[in-house]
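> Pasted the sequence and its predicted model underneath.
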Amino acid sequence: MFDWIAVLESWLDDQSTVTDQVGTRIWRGGVPQFEQKDMPQKALALISEPTGTSFHQIPLMEVALQARCYGATDPEAMAVAAALYSVMHRLLAPFDITYSSSTYRVYNIWAINPGYRFPEPEMEWPLWIGSYTLTMAEGTV
């Protein structure tokens with residue numbers, strides 16, 4: 001099994017539509033403790049639930065991705081969600097990502113929900129959440 005979220009983070013770092021919104025504030029699993037003092041601001045936190053699967057002996061990984069899109073204001077958080085959606089939903093055909101000298105193929109990305117307003121339960125920061133499903137594989141099988 002490969003670290004698919006590191007692969008996706010690396011790819012998102014190269015997507016100017018997203019980085020124009022959040023800069024380098026793309027994190028896995030939530031807002032890091034050391035960043036909380038600077039919040040709320042535009043940021044993207046990736047939370048996942050990968051499941052291993054195979055299709056005709058091809059090792060694929062299906063991933064449920066929750067993208068937490070933050071902003072200093074509700075419109076900023078919505079703009080982060082819209083930027084992510086604009087990058088993710090246009091990817092209908094398989095494409096390859098090179099990360100750490102390896103190639104990974106993304107076969108599908110489905111926008112389950114491109115973004116909805118959600119009150120951040122603990123900090124009360126403006127938050128929009130997008131939900132996606134991805135199918136990926138290591139190599140170009």
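Happy to help now that I have it.

> If you count contacts, what does the biggest strand by length in the chain end up packed against?
If you go by DSSP state E, the chain has its longest strand at strand 102-117. Applying 3 or more C-beta pairs under 8 Å, 6 or more residues apart in numbering; DSSP states H and E, one finds that strand 102-117 makes contact with helix 74-88, strand 95-99, strand 127-138. Bear in mind the C-beta positions are built from the backbone N, C-alpha and C, glycine included.

> how does it look with 10 Å?
helix 4-13, strand 58-70, helix 74-88, strand 95-99, strand 127-138 (3 or more C-beta pairs under 10 Å, 6 or more residues apart in numbering; DSSP states H and E).

> Is residue 134 in contact with residue 64, as I believe?
Yes - counting by C-beta atoms under 10 Å, residue 64 is a contact partner of residue 134 at 8.4 Å.

> Neighbour count: the two, which is higher?
Higher neighbour count among residue 134 and residue 64: residue 134, with 20 against 14, using other C-beta atoms under 10 Å.

> which residues touch the closest residue to that one other than its chain neighbours?
Take residue 134 and drop its neighbours on the chain: the residue closest to it by C-beta to C-beta, 6 or more residues apart in numbering is residue 63, 4.6 Å away. If you count contacts by C-beta atoms under 10 Å, 6 or more residues apart in numbering, residue 63 has them with 4-5, 8, 46, 48-51, 106, 109, 132-136.

> closest to residue 94 among these?
Nearest to residue 94, judged by C-beta to C-beta, of those is residue 106 at 6.6 Å.

> quick one: the residue lying closest to the closest one once chain neighbours are set aside from residue 21, how far?
Leaving out its chain neighbours, the residue that sits closest to residue 106 by C-beta to C-beta, 6+ apart is residue 136, at 5.2 Å. Distance, residue 136 to residue 21, by C-beta to C-beta, to the nearest Å: 24 Å.
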